[in-house]
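Participant: Following is a predicted model, sequence given first.
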Amino acid sequence: MHAPENIVYSVQPGGRLRGELRPPGDKSISHRSIMLGALAEGMTRVSGFLEGEDSLATLKAFQAMGVEIARPGAGQVTIAGVGMHGLRAPPAPLYLGNSGTSMRLLCGLLSGQGFEVTLTGDASLSSRPMRRVTDPLASMGATIEATEKGTAPLRILPPKSLKGIAYAMPMASAQVKSSLLLAGLYAAGETSVTEPAPTRDHTERMLRGLGYEVETQGNRISLRGGGRLTARDLDVPADISSAAFFLVGASIAADSELTLRHVGINPTRIGIINILRRMGADIEILDERDVGGEPVADLRVRSAPLRGIRIPEDQVPLAIDEFPALFIAAACAEGETLLTGAEELRVKESDRIQVMADGLLALGVDAEARADGIRIRGGKMGGGRVDSRGDHRIAMSFAMAAVRAEGEITIDDCANVNTSFPGFVELARGVGLDIAQAVGS
Ligand code: S3P
């Protein structure tokens, strides 16, 4: 696959953010809607689906395995479920682009099939650690070949049989948990995962919604193999991880007020709200409701003076994708913010501790990368040029930083914003961010 173009953002300093918008569909839930809809019996109609490159990679992977999936309109997907044993061997390796969720969850799900399949990805995905799933899956009986470093391409061979295991997860990872639970659907007996801290529970919620029994006792989640899934229509809420850029932007910009509609506020995802509120942000949760087993609300955010804090470690897994945006908030806060216990940030789409520290330093912010976190002293932010290193969330975070910068911010390597937030530039312009994009050299 060819390298993406160098999409460059140029964002003018200052301005205010006002109005309302609905961020795109939740990425985690969109992936799972395709995976579980494909394995269900009957027709699943999904609305609010994220039409970003990551979730489309999952969609295309299931089409390649013989599942009929139609896209009748914007955000709509119809999946003709093939049942637990109806997937077919794809004609070629499954290319999953930048998407760690596709690769790790599929690794578990495909460990239980009767065919061989190879999973590949782009340069970033091919450097991310996969042993965290391939090791426990191997102890369930799966045969998965990886590179010597434990990275993709991953070749998954049909297993003789899978058996359930009781796995104490060494890191708080929803991808690892979900991968094992999906393999557990095909395993003899019980599969259980014990997590060191709560992580997003969309897999468990959706399995239950489709009629599969999943037990949660404290931090232990378990299911028994051999069951079935029954199709049901799914409404995907807007992604709080995409809302995060606007929560930070409207908090730090002058004279701003934004309403973000239909945002998922699952308790395992609201670290961004908890942390920003602790820093002094003015965020209201309005019209809380339940949508197909997931809590949803409108979020109203207004400008507020922020102060630096020590981020509580128990919030880290609940805000794991939002730290690039939170670091921008910290750079605009009064005093020092300290993050610890977040070494997982080093193995995301980029090394988010180092790449964010480099970008903040380029803008004149006092930031110090540490092994498991960062220290940021809020203050003046200049303009300048930063490199997102192909990381979608870093690109969007620095775009929002411009509302408080003293000069233009130019951001390189932004094409991957399309993995999670197609239409970001237009939506952000619509509420007042002075952002333009061009193809750079
Ligand atoms: C995800 C889980 C998180 C998150 C990722 C999506 C998921 O990864 O960072 O963007 O959909 O399960 P980890 O579980 O590896 O922390």
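Facilitator: Ah, there it is.
Participant: Does G227 touch R208 like I think?
Facilitator: No. Counting by CB atoms under 8 Å, G227 sits too far from R208 to count as a contact (11.3 Å). Where you see a C-beta, it was placed from the backbone N, CA and C, and this is true even at glycine.
Participant: The particular helix or strand that has L260 in it: what's the following helix or strand?
Facilitator: Counting by DSSP states H and E, the element that carries L260 is strand 257-264. Note on strand 257-264: by DSSP H and E, the next helix or strand toward the C-terminus is helix 271-278.
Participant: Which residues belonging to that following helix are considered buried?
Facilitator: 271-276 (16 or more other CB atoms under 10 Å).
Participant: how far does the strand holding L260 sit from the chain's center?
Facilitator: Chain-centre distance of strand 257-264: 18 Å, with CA atoms, centre = their mean, to the nearest Å.
Participant: Now do that strand against helix 271-278, angle only.
Facilitator: Here strand 257-264 runs at an angle of 150 degrees relative to helix 271-278 (axes from the mean of the first three to the mean of the last three CA atoms, to 10 degrees).
Participant: which helices and strands does strand 257-264 pack with?
Facilitator: Strand 257-264 sits against strand 18-21, helix 240-252, strand 294-302, with contacts defined as 3 or more CB pairs under 8 Å, 6 or more residues apart in numbering; DSSP states H and E.
Participant: so what pLDDT did the residue nearest to L338 when sequence neighbours are not counted get?
Facilitator: Residue nearest to L338 in three dimensions, not counting chain neighbours: R310, with 4.8 Å by CB to CB, 6 or more residues apart in numbering. pLDDT for R310: 98.
Participant: and R310, how many neighbours?
Facilitator: If you count neighbours by other CB atoms under 10 Å, R310 ends up with 12.
Participant: residues in contact with it?
Facilitator: Taking CB atoms under 8 Å, 6 or more residues apart in numbering as the criterion, R310 is in contact with 337-338, 340.
Participant: Also I165?
Facilitator: Residues near I165 by CB under 8 Å, 6+ apart: 136, 139-140, 180, 187, 191-192.
Participant: before we move on, back to that, report the mean confidence score over the strand holding L260.
Facilitator: Per-residue scores along strand 257-264 average to 98.
Participant: helix/strand/coil for S30?
Facilitator: The assignment at S30 comes out as helix when based on DSSP: H, G, I helix; E, B strand; the rest coil.
Participant: oh, I was asking about R393
Facilitator: Criterion first, three-state DSSP; result for R393: helix.
Participant: cool, and L182?
Facilitator: Assigned with three-state DSSP, L182 falls in the helix class.
Participant: Let me know how buried it is, in neighbour terms.
Facilitator: Neighbours around L182, by other CB under 10 Å: 27.
Participant: now it: how far from the ligand?
Facilitator: Going from L182 to the ligand by CB to the nearest ligand atom, to the nearest Å gives 11 Å.
Participant: swap in V176?
Facilitator: Counting by CB to the nearest ligand atom - V176 and the ligand are separated by 6 Å.
Participant: Is that residue within a helix or a strand, and which one?
Facilitator: Assigned by DSSP H and E, V176 belongs to helix 174-184.
Participant: Packing partners of that helix?
Facilitator: Using 3+ CB pairs under 8 Å, 6+ apart, helix 174-184 is in contact with helix 27-39, helix 100-111, helix 131-139, strand 190-194, helix 202-209, strand 220-224.
Participant: tilt between the second one and helix 174-184?
Facilitator: Going by the same axes, to 10 degrees, helix 100-111 is angled at 20 degrees with respect to helix 174-184.
Participant: next SSE after helix 100-111?
Facilitator: Once helix 100-111 ends, the next helix or strand along the chain (criterion: DSSP H and E) is strand 117-120.
Participant: Check whether T268 really touches D201, as I assumed.
Facilitator: Yes. Using CB under 8 Å, T268 is in contact with D201, at 5.3 Å.
Participant: quick one, which of those two is more surrounded?
Facilitator: More crowded of T268 and D201, by other CB under 10 Å: D201, with 21 against 17.
Participant: Mind giving me the PyMOL select for the contacts of I165, buried ones only?
Facilitator: PyMOL command restricting the contacts of I165 to the buried ones, with burial defined by 16+ other CB under 10 Å:
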select buried, resi 136+140+180+187+191+192
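Participant: the domain parsing of this structure - what is it?
Facilitator: Following automatic domain parsing, the chain resolves into domains at 6-25+237-440, 27-235.
Participant: Up against the ligand, what does the stretch 151-300 of the chain have?
Facilitator: For the stretch 151-300 of the chain, the residues in contact with the ligand (CB under 6 Å from any ligand atom) are 173-175, 178, 199-200.
Participant: again, only using 5 Å
Facilitator: 173-175 (CB under 5 Å from any ligand atom).
Participant: ok, L157 - contacts?
Facilitator: 116, 143-145.
Participant: and what of S55?
Facilitator: Contact partners of S55, counting by CB under 8 Å, 6+ apart, are 25, 27, 30-31, 34, 49, 99.
Participant: hmm, 10 Å instead?
Facilitator: Counting by CB atoms under 10 Å, 6 or more residues apart in numbering, S55 makes contact with 24-34, 49, 77, 99, 101-102, 236, 419-420.
Participant: cool, T216 as well?
Facilitator: 198, 201, 204-205, 208, 222.
Participant: what does R352 give?
Facilitator: For R352, the contacting residues are 320-321, 323-324, 327, 342, 344-346, 369, 374, 389, 391, 393-394, 397, by CB under 10 Å, 6+ apart.
Participant: what's the closest of those residues to G42?
Facilitator: Nearest to G42 among the contacts of R352: D321, at 32.0 Å, using CB to CB.
Participant: if I've got this straight, that closest one is in a helix?
Facilitator: No. Counting by three-state DSSP, D321 is not found in a helix; it is coil.
Participant: tell me the mean pLDDT over the helix holding V176?
Facilitator: Average pLDDT, helix 174-184: 98.
Participant: Let's have the residues of the stretch 151-300 of the chain next to the ligand in JSON lines, adding distance to E257 and neighbour count.
Facilitator: As requested, those are arranged in JSON lines below (distance: CB to CB, whole Å; neighbours: other CB atoms under 10 Å):
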{"residue": "S173", "distance to E257": "36", "neighbour count": "21"}
{"residue": "A174", "distance to E257": "32", "neighbour count": "24"}
{"residue": "Q175", "distance to E257": "35", "neighbour count": "23"}
